[in-house]
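Enquirer: Fold the stuff below for me.
(chains A, B, C and D, ligands or ions: 2)
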Amino acid sequence: MNMYSEKVMDHFKNPRNVGELKDADGVGTVGNPICGDVMTIYIKVKDNIISDVKFKTFGCAAAIATSSIMTEIAKGKTLEEAEKITKADVASNLDGLPPQKMHCSNLSSDALHLAIENYRKTKEKK
Amino acid sequence: MNMYSEKVMDHFKNPRNVGELKDADGVGTVGNPICGDVMTIYIKVKDNIISDVKFKTFGCAAAIATSSIMTEIAKGKTLEEAEKITKADVASNLDGLPPQKMHCSNLSSDALHLAIENYRKTKEKK
Amino acid sequence: MIYLDNAATTQISDDVIKAMVPYFSEKFGNPSSIYSFGSNVNKVIEESRNIIAQIIGANPKEIIFTSGGTESNNLAIIGIAQEIHKKDSKKNHIITTKIEHPSVLNTFKHLESIGFSVDYLDVDSDGVVDVEQLKDLVTENTIFVSVMHANNEIGTIEPIEKIGSFLASLKHRVYFHVDAVQTYTKVPIDVKKANIDLLSISSHKIHGPKGVGALFVKKGVSLKPLMFGGPQERSMRPGTENVSGILGFSKASEIAFKDMEKNNKHMISLRNKLIDSIEKNISDVILNGAKGDMRLSNNVNISFKYVEGESLLLYLEMEDIFVSTASACSSKKLEPSHVLLAIGRPHEFAHGAIRFTLSKYTTTEEISKLLDILPPIVKKLRDMSSIDKDTDMTKFKETDEHV
Amino acid sequence: MIYLDNAATTQISDDVIKAMVPYFSEKFGNPSSIYSFGSNVNKVIEESRNIIAQIIGANPKEIIFTSGGTESNNLAIIGIAQEIHKKDSKKNHIITTKIEHPSVLNTFKHLESIGFSVDYLDVDSDGVVDVEQLKDLVTENTIFVSVMHANNEIGTIEPIEKIGSFLASLKHRVYFHVDAVQTYTKVPIDVKKANIDLLSISSHKIHGPKGVGALFVKKGVSLKPLMFGGPQERSMRPGTENVSGILGFSKASEIAFKDMEKNNKHMISLRNKLIDSIEKNISDVILNGAKGDMRLSNNVNISFKYVEGESLLLYLEMEDIFVSTASACSSKKLEPSHVLLAIGRPHEFAHGAIRFTLSKYTTTEEISKLLDILPPIVKKLRDMSSIDKDTDMTKFKETDEHV
Ligand SMILES: Cc1ncc(COP(=O)(O)O)c(C=O)c1O
Ligand SMILES: Cc1ncc(COP(=O)(O)O)c(C=O)c1O
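Expert: Ligands and ions are numbered 1, 2, ... in the order given. Down below sits the predicted model:
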């Protein structure tokens, strides 16, 4: 066993919702290749609900797994519900993360929140 | 094998000429129980020749073995010859001694020389 | 072979060897690796930490693995002295006893040579440390006190609980280090109850492998490390871990702790038989060290007057019996034991001291055989000896120079 | 299992285990004991010293056994710095390189923190140390220079003979320490010809047991010890000797030295195959470290752009292939390797570096299997990655805070 839970390894091995959404309503990118993690989250929004979500991540197993679980958590939620997703939600949905990797769960919730913000701003402008 | 040569162990195990000479012509004692070694050498002298020699030693294996070999070396020698016996003679007759035990060969030659001195002084007085 | 030098080192139990071997061959990963083949090995280290912590009443995080008792003592003593002195330069006083193992005494001498002020506590004729003297010596500038749990030469068990509670009662913080190398899994200990901050133990004294030990470092106590490097052992002791050694140590600890009472009973009965028979059958002998409960279960140390220890040892070796004259570490030196001098033995008796140290493997038959062999050997050496009870020792006292 | 992390640690050869086991069971005596059962064990230590001395062109008296490479480095560096500074307080300058192992770098940082003046030499893009810079930096107050023989991450072999002869040509005495942990029994060395004063080696990197190493200390060079205690290792390194470990180390040394040429030939051919095939079959890769003769026979270190090393490592682990992302010692850290940054790799490529280190046991089949498995894994991770060759990296450069 390495330092990750089975759940993390499952999402790392078979990440859900990998890819881009060409016609995304919102996009959020966080992180920094200098630190070794960059995450981009794409969302489609329909009737205030996140109808589709995809991700692309450069990063370690924790970064990939938190991105993957985040897409599962967010899908089907209202924007308000999605905005309330915390890093603790992400980590607990993965049966925990090693302490030195907790910042990854931060990253994925930040990326989602940025994507929602981006959607709102774009809509305002229209 | 411990640190001693076979020759040392042989003399330690079966020391030659152990004991006192009640009617000794000369007696020499050197060493100090504080340091862990006390040697007494007894000699009988006949026509300027050491006709008999015995020892008693409190000390380590090297002290006992050097005492023993010294009695063998000295026996039958003239007093002048015996006075020339050095610590190197003693050590080499035992096929060597560990460095930290070399002082023992010193002791036994000193004890013999003291016994000869004692014999000479006693004779003068007479 | 009759091996009676178990205070110097011990035979590894077969179970311990069996547990270690896989960590040489298949399970050879580096515990620092992030892949499973390495981190599984790391788990073994954490389990070992757990086992040892439980035995002394510590938390696993408070255990640091080292290369042996000597390193544990050095890390504790140098580490706490430097750490506290760095923070508060007025603090420069350290205290130990006159009868410590060289790995404590020489470390104190080193600190003394770089400017620390050192006091060495006296012991009484049984080897028990003078607690009243300690109370007088402790000042506000005292950094720590180091007292061994039991002496390796004469087996006297020290009142460390008493010392711990005195130090804990002080207004200023004085740390407490205990060298428990000889007592670990023989004398029960609870580091919390005894108010101990630092405790040294070693594997090869308890039927584990050589080259591995541990230091208990109480939570909140920080030490300046002796070495610098990777993050192993929370950076307090870097370097790729001696995995098989650590596992062997914990396995040996487990086995020894489980059978502690049984082993002690066995050893105490043989120890007492050995002491009683020697005192009865050989004249002019003195037992060195305390009697009864204040004596380590496996230690017998006797001065055979008028006889020199090394000679006795080598005559016993010819009979395939292995004993010791002083601490194994200093057995190549010629000076008599500092411990026997500290308890007031005259030099000539200190030279004639023999240490017999038993283990759980020692049998009644072995002790009986020793008791048959010993009296004629002592007689032979005494017949050969230039001193006896009629010798006027005072005539020697003046010189102290070696010829 | 395909084990390609031999720079982290190695499997012990069966012959080595076989040689060690008797020193756990029957031959368990303490080498300091004066009786034969102990002194016979001491003889094994002296024979081991002899074997290792011959391999590096030293005298047996110049070899000191330690608990591993980390301790050897610490003893050398702290020992010589303190010893010389104590004798002449003007001497306070020490020099090393930017790409040393943490057991050297962190020891220098410790000395820096207590007042020594330190210079860290640059390396070029292959990782070769700048000898001209060294020549400029050395002054009359320089105590010593420490340069590793080959780097543990990128496998670059350093010009230590050149440095040694430069230092030897100086009018004032500047000592020379070499960390040869990665090269011992791989790159031939003669400490006399290379003008080396102190050389560190470790057992577990050459198919020997963990927890044992050695330090060559040239005759006449004196060190302040790290630890104090008994007279073992001429008091430079006290503590009951790790007998089986020392024997295992010398046995492993003997075996590795005998087959050095054969093993190197084997590893170099697999190393080159691995490098060539990766460069041919996977786009956007960079080899880290020098090429050809200046590269360690068993080291391949490649940055796979746009991919993070740990992810690649764990995907390989799922296929039972074990590799490393950086030095094993620092593999729990998140920062990219100090070595890759020193050779000028941008952070994002430094994060994607994988180290494959071979051993004599590595087979052609294993390398072929790796070469089949690797390209689809890299592709999968790159498909998943948020950065690629079109990503504008400059937009990231501003922030250096972790989110
Ligand atoms: C009381 C005591 N402390 C420390 C040590 C040193 O332990 P090690 O031999 O593991 O370095 C010993 C044993 O020699 C000892 O008896
Ligand atoms: C170059 C180098 N020096 C020193 C060390 C430390 O050796 P050890 O793991 O034996 O402490 C290592 C290995 O981690 C190394 O690769």
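Enquirer: for chain C, what are the low-confidence residue spans?
Expert: For chain C, applying pLDDT under 70 flags the ranges C:326-334, C:396-403.
Enquirer: Count the residues that sit near the residue of it found nearest chain A.
Expert: Closest to chain A within chain C is residue C:36: 4.8 Å, counting by C-beta to the nearest C-beta. All C-beta atoms are positioned from the backbone trio N, CA, C, and that covers glycine. Per other C-beta atoms under 10 Å in any protein chain shown, the neighbour tally for residue C:36 reads 19.
Enquirer: so it touches residue D:316, yeah?
Expert: No - in this structure, residue C:36 is not within contact of residue D:316 by C-beta atoms under 8 Å, at 11.7 Å.
Enquirer: Let me see the ranges of the strands in chain A.
Expert: A:26-32, A:37-46, A:49-58 (DSSP state E).
Enquirer: elements contacting the shortest one?
Expert: Spelled out, it's strand A:26-32. Counting contacts by 3 or more C-beta pairs under 8 Å, 6 or more residues apart in numbering or on different chains; DSSP states H and E, strand A:26-32 packs against strand A:37-46, helix A:102-125.
Enquirer: Which neighbouring elements make contact with the last one?
Expert: In this structure, helix A:102-125 makes packing contacts with strand A:26-32, strand A:37-46, strand A:49-58, helix A:61-74, helix A:79-83, helix A:87-93, judged by 3+ C-beta pairs under 8 Å, 6+ apart.
Enquirer: what about the ones you listed, which gets the closest to residue C:226?
Expert: Among the helices and strands packed on helix A:102-125, the nearest to residue C:226 by C-beta to C-beta is helix A:61-74 (34.6 Å).
Enquirer: If you count contacts, what does the closest one end up packed against?
Expert: By 3+ C-beta pairs under 8 Å, 6+ apart, helix A:61-74 packs against helix A:6-13, strand A:37-46, strand A:49-58, helix A:87-93, helix A:102-125, helix D:309-318.
Enquirer: possible to save the ones you listed as a markdown table with distance to residue C:236 and mean neighbour count?
Expert: Below are the helices and strands packed on helix A:61-74 laid out as a markdown table (distance: least, C-beta to C-beta, whole Å; neighbours: other C-beta atoms under 10 Å in any protein chain shown):
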| stretch | distance to residue C:236 | mean neighbour count |
| --- | --- | --- |
| helix A:6-13 | 30 | 19 |
| strand A:37-46 | 30 | 24 |
| strand A:49-58 | 35 | 23 |
| helix A:87-93 | 29 | 17 |
| helix A:102-125 | 24 | 19 |
| helix D:309-318 | 26 | 22 |
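Enquirer: To ligand 1, which of those lies closest?
Expert: helix D:309-318 (37.2 Å; C-beta to the nearest ligand atom).
Enquirer: right, and the helix or strand after the closest one?
Expert: Once the chain leaves helix D:309-318, the next helix or strand it forms, by DSSP states H and E, is strand D:321-322.
Enquirer: hang on, the earlier thing: output the helices and strands packed on helix A:102-125 as CSV; include the columns distance to ligand 1 and mean pLDDT.
Expert: Formatted as CSV, these follow (distance: least, C-beta to the nearest ligand atom, whole Å; pLDDT from 0 to 100):
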stretch, distance to ligand 1, mean pLDDT
strand A:26-32, 48, 90
strand A:37-46, 45, 94
strand A:49-58, 49, 96
helix A:61-74, 41, 94
helix A:79-83, 60, 96
helix A:87-93, 43, 91
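Enquirer: Of these, which is nearest residue C:116?
Expert: Of all the helices and strands packed on helix A:102-125, it is helix A:61-74 that lies closest to residue C:116, at 47.5 Å by C-beta to C-beta.
Enquirer: So which elements touch the strand or helix carrying residue C:266?
Expert: Assigned by DSSP H and E, residue C:266 belongs to helix C:260-281. In terms of contacts (3+ C-beta pairs under 8 Å, 6+ apart), helix C:260-281 is packed against strand C:285-287, strand C:299-304, helix C:364-384.
Enquirer: And those: which comes nearest residue C:239?
Expert: Proximity to residue C:239 (C-beta to C-beta) singles out strand C:299-304 among the helices and strands packed on helix C:260-281, at 33.6 Å.
Enquirer: could I have the closest one exported to CSV, CA atoms only?
Expert: Output of strand C:299-304 as CSV, limited to C-alpha atoms (Å, rounded to 0.1, in the frame of the first residue of the first chain):
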residue,chain,number,x,y,z
ASN,C,299,24.4,-9.7,37.5
VAL,C,300,27.0,-11.3,39.8
ASN,C,301,30.2,-9.3,40.4
ILE,C,302,32.7,-10.7,42.8
SER,C,303,36.2,-9.6,43.8
PHE,C,304,38.5,-12.6,44.4
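Enquirer: Show me the contact partners of that strand.
Expert: With contacts defined as C-beta atoms under 8 Å, 6 or more residues apart in numbering or on different chains, strand C:299-304 is touched by C:7, C:150, C:153-155, C:271, C:274-275, C:278, C:282, C:284-289, C:312, C:340, C:345, C:349-350, C:352-358, C:378.
Enquirer: filter those residues to the buried ones?
Expert: Neighbour counting with 16 or more other C-beta atoms under 10 Å in any protein chain shown marks C:7, C:150, C:153-155, C:271, C:274-275, C:278, C:282, C:285, C:287-289, C:312, C:340, C:345, C:349-350, C:352-358, C:378 as buried within those.
Enquirer: residues touching residue 56, list them.
Expert: Looking at chain A here, since you left the chain open. Counting by C-beta under 8 Å, 6+ apart, residue A:56 makes contact with A:18, A:19, A:20, A:39, A:40, D:384, D:385, D:386.
Enquirer: ah, no, chain C please
Expert: Applying C-beta under 8 Å, 6+ apart to residue C:56 gives the contacts C:180, C:184, C:189, C:190, C:191, C:199, C:201, C:216.
Enquirer: Of all pairs in the residues you listed, which one is the farthest apart?
Expert: C:190 and C:201, at 14.1 Å, using C-beta to C-beta across these.
Enquirer: Tell me which of the two has more neighbours.
Expert: A count of neighbours by other C-beta under 10 Å puts residue C:201 above the other of residue C:190 and residue C:201, at 31 against 13.
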